[in-house]
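Asks: structure, please.
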Amino acid sequence: MLYLPCMSYEEVLNFIKKEIAEETKQPLEKLDVNTSFHTLGLDSLSAVLILHNIEKEFAIDLNPIHFWDYPTPASFAGFIIKEHSR
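Replies: Here you go, the predicted structure:
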């Protein structure tokens, strides 16, 4: 398993928010991190694209199913920090 080098929850969450805003064309400041990815406008294809960008940005490997196991930006960022930080 790969580990994030001292990344904070806020840094991961902000990256996820930025990716969602770009994909859905929503203003970043209007994204509610406790709203489901589906409600935010993501479908399976856009979720996989965002997941790929997260993996590239943080040099980690993620299973696409985790995107749906942790269905909000806040819960997904928490999962990433829990599983990939030291």
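
Asks: next, the buried residues of the worst-scoring helix or strand of the chain on mean pLDDT.
Replies: The helix or strand of the chain with the lowest confidence, counting by mean pLDDT, DSSP states H and E, is helix 64-69 at a mean of 89. For helix 64-69, a neighbour-count test (16 or more other C-beta atoms under 10 Å) marks Phe67 as buried. All C-beta spots, glycine's among them, are computed from the backbone N, C-alpha and C.

Asks: what packs against that helix?
Replies: helix 44-58, helix 73-84 (3 or more C-beta pairs under 8 Å, 6 or more residues apart in numbering; DSSP states H and E).

Asks: same thing but at 6 Å, please
Replies: Here helix 64-69 touches helix 44-58, going by 3 or more C-beta pairs under 6 Å, 6 or more residues apart in numbering; DSSP states H and E.

Asks: between the helix it packs on and helix 73-84, how many degrees?
Replies: Here the directions of helix 44-58 and helix 73-84 differ by 50 degrees (axes from the mean of the first three to the mean of the last three C-alpha atoms, to 10 degrees).

Asks: buried residues of helix 44-58, list them for me.
Replies: For helix 44-58, by 16+ other C-beta under 10 Å, it's Ser46, Ala47, Ile50, Leu51, Asn53, Ile54, Phe58.
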